[in-house]
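Enquirer: Sequence first, predicted coordinates after that:
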Amino acid sequence: MPHQAADYRGRFAPSPTGELHFGSLVAALASWLRACNRDGQWLLRIDDIDPPREVPGSAQVILTTLSQLGLIGAALPVYQSQRGKAYAQALRQLQDDGHAFPCWCSRADLEEASATHRDGRCISPRHNDREPAWRLRVPDVDITFDDGLQGMQHQNVREAVGDFVLRRADGMWGYQLACVVDDAFQGITEVVRGCDLLGSTPRQILLQRLLGLPTPAYLHLPLAVDAHGRKLSKSRDAPAVDVAGPLAALASALRFLGQPVPSAEDVASLLRVAARGLDFAPLRCIPTKPWP
């Protein structure tokens, strides 16, 4: 059953594809500070639903790094790899309500046809020798939400992305469905994350409405980019956070977030003072920021 949340609950949900890098630290720290500033809870989730991309052992490395930086969750982490039954239940609800349809189209099929699913049906012949993917039958509606930093956002999901995948043909769960189900399960009241996921939010709000789940508030932070304007990521060999100097690492992330760096001798003191004076206003409507 989803958690019934009355008070503030935030979260950080890394994918275990490598060690924690600066961009991920920014998201983790910002979400932790926000939860602490609101006298709420900060929760952790490991988004490990894509095994081919996972680096063995990296989930524990990330959790250890966060702990060394003083960023400790209020409960044990949720692992998406253990949540398949909940995703299956959500998919069945969408199927029963006529919001999902089977699809045998491969990426090659769609590229060859120069097509995007926008009409709620598969455009390829049925293949009885293999399992289909399941897609959301996306209605022609506009999704509007007021982001905490990026302002009013509008998207017609059907026109922007079409009928997106809920479960892949290989049985792996789609990110959008898993994220929505788990945010409701953990009772998340506000999602604080990077601007690279701003475009995913309308799809998640649409799924929340179709599944009868609450919609949290959203706050999308500027994305940390390198000198060439590219997102810092594990795939681009962004350096891991140096936990040998936790105060320096946190200070760097605070400066990126436009926050003053408190004078403190230990991590706990620095975090406590930073949370008390948190003000994201300097970041308003800034989608990217260079680092360092």
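Expert: Looks like it arrived, so ask away.
Enquirer: got the contact list for whatever helix or strand Val191 lives in?
Expert: For Val191, the host element (DSSP states H and E) is strand 190-194. Residues from elsewhere that reach strand 190-194 (C-beta atoms under 8 Å, 6 or more residues apart in numbering): 8-11, 13, 23, 26-27, 30-31, 34, 148, 183, 216-224. C-beta here means a position set from N, CA and C on the backbone, and glycine is covered the same way.
Enquirer: Mind checking which of those residues land in helices?
Expert: Gly23, Val26, Ala27, Ala30, Ser31, Arg34, Asp183 (DSSP state H).
Enquirer: who touches the last one in this structure?
Expert: Counting by C-beta under 8 Å, 6+ apart, Asp183 touches Arg11, Val191, Gln204, Leu213, Pro216.
Enquirer: The residues you listed, buried ones only, as a ChimeraX selection?
Expert: A single ChimeraX command selects the buried members of those (16 or more other C-beta atoms under 10 Å):
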select :11,191,204,213,216
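Enquirer: Please identify which pair of the contacts of Asp183 lies farthest apart.
Expert: Across these, the longest distance by C-beta to C-beta is 15.0 Å; it joins Arg11 and Leu213.
Enquirer: just so I have it, where are all the helices in the protein?
Expert: So, for the chain - with DSSP H - the helices run 22-37, 58-68, 84-96, 107-113, 157-160, 175-185, 201-211, 246-256, 267-276.
Enquirer: Which elements pack onto the first one?
Expert: The helices and strands touching helix 22-37, judged by 3 or more C-beta pairs under 8 Å, 6 or more residues apart in numbering; DSSP states H and E, are strand 9-12, strand 41-46, strand 190-194, strand 217-221, strand 223-225, helix 246-256, helix 267-276.
Enquirer: Can you check which of these gets nearest to Val141?
Expert: That would be strand 217-221 among these, by C-beta to C-beta, at 18.1 Å.
Enquirer: Strand partners (parallel or antiparallel) of that closest one?
Expert: strand 190-194 (parallel) (DSSP bridges).
Enquirer: just checking, His21 touches Ala238?
Expert: Yes - counting by C-beta atoms under 8 Å, His21 does reach Ala238; the two are 3.9 Å apart.
Enquirer: which ones are touching Val273?
Expert: So Val273 contacts Pro262, Ala264 (C-beta under 8 Å, 6+ apart).
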